[in-house]
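# Next input, structure requested:
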Amino acid sequence: QGQLVESGGGLVQAGGSLRLSCAASGRTFSTYIMGWFRQAPGKEREFVAAISWSGGTRYYADSLKGRFTISRDNTKNTSYLQMNSLKPEDTAIYYCATKSGSSYNANNPQLYEYWGQGTQVTVSS
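Below you'll find the model as predicted:
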């Protein structure tokens, strides 16, 4: 059974940066799509970014392009989300997830099979 554990969340001022990590264990996820989602209070879970198993293709929510960067290190079974120029509206619980198969519809959370417990990101104004 696979397990995902996020880390790196915290409190940061607007304009600051954070780097989230997602460590996978229990099985090898090197052939899986790895994605990041977030959920703010009172809102639905939304897609942030996803990366193909090779790292060669990356997908981003249109509103986050240019500020967030997703990457992965398959030797460490870990995915990363670098977040720059953070805004108060980025405040949310951030989740990593993995899905097998193609990267088609990588922005659909219902297609992901494994989820982490989430890490809180709070951006103060």
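
# My understanding was that Ser71 contacts Gly56; is that so?
No - applying Cβ atoms under 8 Å as the test, Ser71 and Gly56 come out as separate, 11.4 Å apart. (Glycine included, C-beta is placed from N, CA and C.)

# between those two, who's got more neighbours?
Set side by side, Ser71 and Gly56 show more neighbours around Ser71, with 15 against 7, by other Cβ atoms under 10 Å.

# Test for you: state the pLDDT assigned to the more buried one.
Confidence at Ser71, expressed as pLDDT, is 97.

# How about it, nearest residue that isn't a chain neighbour?
Nearest residue to Ser71 in three dimensions, chain neighbours excluded: Tyr80, at 4.8 Å (Cβ to Cβ, 6 or more residues apart in numbering).

# which residues does Ala40 contact?
Neighbouring residues of Ala40 by Cβ atoms under 8 Å, 6 or more residues apart in numbering: 89, 91-93.

# Looking at neighbours, which among the residues you listed is most surrounded?
Neighbour counts for the contacts of Ala40 (other Cβ under 10 Å) peak at Ala92, which has 22 neighbours.

# Report the separation between Ser7 and Thr31.
Separation of Ser7 from Thr31 (Cβ to Cβ, to the nearest Å): 23 Å.

# about what we covered before: these two touch, right, the residue nearest to Ser71 and Ser21?
Yes - here Tyr80 reaches Ser21: they are 5.6 Å apart, a contact under Cβ under 8 Å.

# In which helix or strand does the closest residue to Tyr32 other than its chain neighbours reside?
Computed as Cβ to Cβ, 6+ apart, the closest residue to Tyr32 that is not its neighbour in sequence is Thr98, at 4.2 Å. Here Thr98, judged by DSSP states H and E, is contained in strand 92-99.

# Many thanks, I have nothing further to ask.
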